[in-house]
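A.B. asks: structure of the sequence below:
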Amino acid sequence: MVIATFGRGFYILDDFSVLRNVDEKSLKNESKLFPVKDALWFIEGSGRYGQGTTYFKAKNPEFGATVTYYLKEVPKTVKEIRKEKEKELFKDGKKIPQPTNDELLIEKNESSPYIIFTIFDENNNIIRKITKSAKKGINREIWDLRYESPNPLTEKDKFDPNAKPRSSTLVLPGKYKAALSIVTREGEKVITEPIEFNVVPINKNQNATEKEELISFQKKVNELSRTITGTENFLNEMISKIDKMKQAILLTPGTSYELLKDAEKIQIELTEISLKFSRQSNVPSTEENPPSPVTINERLDVLRYTHYRSTEPITKKEKVAYDVLVEEFPTFYEKIKKISENDIYNLDMKLQNFGSPAIPGRLPILKLK
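C.D. replies: Have a look, this model is predicted:
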């Protein structure tokens, strides 16, 4: 559908199929989920190189399954309701009551209503959830046909239903379902029944068995990646904590140099383990002879990125990387767990008995006379 203006602009709606399913009756309903077209399954190209400044390039339709939905109304927040009442009182010249601290706290803690898109596979297993701020009218959301990213959250990640989705590897072609629910201060409410759609490969000559093996392998890789990256984050937090504990030992009266040596011993152990994860600048490079040992993250990168933009069968290098990580990583995991639950915990208890300053991540012991 193309709409031209009397000026120099015009608007193009690539997919107006939703208009074929809109009528007066459907718009009176609380919500509606429109039919989802077949989603094409392929690896997107990154464009052409060296075309010059005069090469015109328009955007392609977004990759993935396009979910179109309708919301008649979006429930108002407590603050919005209060503002509307105050507006009416002001218009009538009446006294506007001052909200209490408790009422303002409720308003501050309330999140604006948001939508949850739930994607199911053909066995009704939930494989993906995507959130978005609720907006009245006809809207669209794109699922990029990928699983949720296994990467850990960072300190910068805050609660935000409108945050950009985090994705990892492609799902397998086949039948899927999408359903909508809305979250308000009253809780989560399912507002549409699941609607089925197809994910269809462009290259239909690919071996189905190889594709299933690839997806199964990638699921195992995602779970391993989730554990490894989360463990490394925890390791870095421990290194930061032990450094603060060393400072607490210096500041706390009554502590001995032996306690500082214990902390430094733990710090050295943690640093040595961290070198197994990531190559530092003072460690021999992979090109030197004899080569330095391959790090955990270097093997993990083979698994994470070899097939991020490929649908080809699993490579031998990927299988080797996976097998080595499954064999070697548990040893480092157990070491980190032991240092955290035993060594750091015992050192922390000694510090607390000396009355040291509070350390991030530690609940002080309550001592009342």
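A.B. asks: which parts of the stretch 201-350 of the chain are strands?
C.D. replies: Counting by DSSP state E, counting those that start in this stretch, the stretch 201-350 of the chain yields no residue ranges for strands.
A.B. asks: next one: the stretch 51-200 of the chain
C.D. replies: 65-71, 114-121, 126-133, 137-143, 146-148, 167-170, 174-184, 187-190, 195-201.
A.B. asks: tell me the buried residues in the fifth one?
C.D. replies: Buried positions in strand 146-148, judged by neighbour count with 16 or more other Cβ atoms under 10 Å: Arg146, Tyr147. Every C-beta, even on glycine, is put in place using the N, C-alpha and C of the backbone.
A.B. asks: which secondary structure elements does that strand contact?
C.D. replies: Taking 3 or more Cβ pairs under 8 Å, 6 or more residues apart in numbering; DSSP states H and E as contact, the helices and strands that strand 146-148 lies on are strand 126-133, strand 167-170.
A.B. asks: for these, which one ends up most surrounded?
C.D. replies: When the helices and strands packed on strand 146-148 are scored by mean count of other Cβ atoms under 10 Å, the highest mean neighbour count falls to strand 167-170 (a mean of 20).
A.B. asks: for it, packing partners?
C.D. replies: Identification of packing neighbours for strand 167-170 by 3+ Cβ pairs under 8 Å, 6+ apart yields strand 146-148, helix 208-251.
A.B. asks: in its sheet, what does that strand sit against?
C.D. replies: strand 146-148 (antiparallel) (DSSP bridges).
A.B. asks: and the partner strand, how far from the chain's centre?
C.D. replies: 9 Å (Cα atoms, centre = their mean, to the nearest Å).
A.B. asks: where in the chain is the helix or strand with the lowest mean pLDDT?
C.D. replies: strand 10-12 (a mean of 84; mean pLDDT, DSSP states H and E).
A.B. asks: now whatever helix or strand comes next after it: mean pLDDT?
C.D. replies: If you walk from strand 10-12 toward the C-terminus, the next helix or strand you reach (DSSP states H and E) is strand 31-33. Mean pLDDT, computed over strand 31-33, is 91.
A.B. asks: hang on, the earlier thing: Met349: which of the helices and strands packed on strand 167-170 is closest?
C.D. replies: helix 208-251 (11.4 Å; Cβ to Cβ).
A.B. asks: excluding its backbone neighbours, what's nearest Ile138?
C.D. replies: The shortest distance from Ile138 to any residue that is not its chain neighbour, by Cβ to Cβ, 6 or more residues apart in numbering, is 5.0 Å, and that residue is Tyr70.
A.B. asks: oh, I was asking about Asn222
C.D. replies: Spatially, and ignoring its direct neighbours in sequence, Asn222 is nearest to Pro150 (4.6 Å; Cβ to Cβ, 6+ apart).
A.B. asks: hmm, Lys135 is touching Tyr69, no?
C.D. replies: No: with contacts counted by Cβ atoms under 8 Å, Lys135 stays clear of Tyr69, the gap being 10.0 Å.
A.B. asks: between the two, which one's more packed in?
C.D. replies: Set Lys135 next to Tyr69 and count neighbours by other Cβ atoms under 10 Å: Tyr69 wins out with 22 against 13.
A.B. asks: so what's the more buried one bridging to?
C.D. replies: Leu33, Asn139.
A.B. asks: okay, buried residues for stretch 139-154 please.
C.D. replies: For stretch 139-154, by 16+ other Cβ under 10 Å, it's Glu141, Ile142, Trp143, Asp144, Leu145, Arg146, Tyr147, Ser149, Pro150, Pro152.
A.B. asks: would you turn those into CSV with pLDDT?
C.D. replies: As requested, those are exported to CSV (pLDDT from 0 to 100):
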residue, pLDDT
Glu141, 93
Ile142, 94
Trp143, 96
Asp144, 95
Leu145, 95
Arg146, 93
Tyr147, 92
Ser149, 91
Pro150, 88
Pro152, 87
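A.B. asks: kindly reformat the residues you listed as JSON lines containing distance to Ser240.
C.D. replies: Putting the buried residues of stretch 139-154 into JSON lines (distance: Cβ to Cβ, whole Å) gives the following:
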{"residue": "Glu141", "distance to Ser240": "38"}
{"residue": "Ile142", "distance to Ser240": "38"}
{"residue": "Trp143", "distance to Ser240": "37"}
{"residue": "Asp144", "distance to Ser240": "34"}
{"residue": "Leu145", "distance to Ser240": "38"}
{"residue": "Arg146", "distance to Ser240": "32"}
{"residue": "Tyr147", "distance to Ser240": "31"}
{"residue": "Ser149", "distance to Ser240": "24"}
{"residue": "Pro150", "distance to Ser240": "23"}
{"residue": "Pro152", "distance to Ser240": "15"}
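A.B. asks: export the helices and strands packed on strand 167-170 as JSON lines, with columns for distance to Asn109.
C.D. replies: Rendered in JSON lines, the data for the helices and strands packed on strand 167-170 read as follows (distance: least, Cβ to Cβ, whole Å):
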{"stretch": "strand 146-148", "distance to Asn109": "26"}
{"stretch": "helix 208-251", "distance to Asn109": "27"}
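A.B. asks: ok, which of the ones you listed comes nearest Lys177?
C.D. replies: Counting by Cβ to Cβ, Lys177 lies closest to strand 146-148 out of those; the figure is 15.8 Å.
A.B. asks: what about the nearest residue to Glu62 once chain neighbours are set aside, distance to Arg20?
C.D. replies: If the residues on either side of it in the chain are set aside, Glu62 comes closest to Ile142, at 4.7 Å by Cβ to Cβ, 6+ apart. As for Ile142, its distance to Arg20 is 20 Å (criterion: Cβ to Cβ, to the nearest Å).
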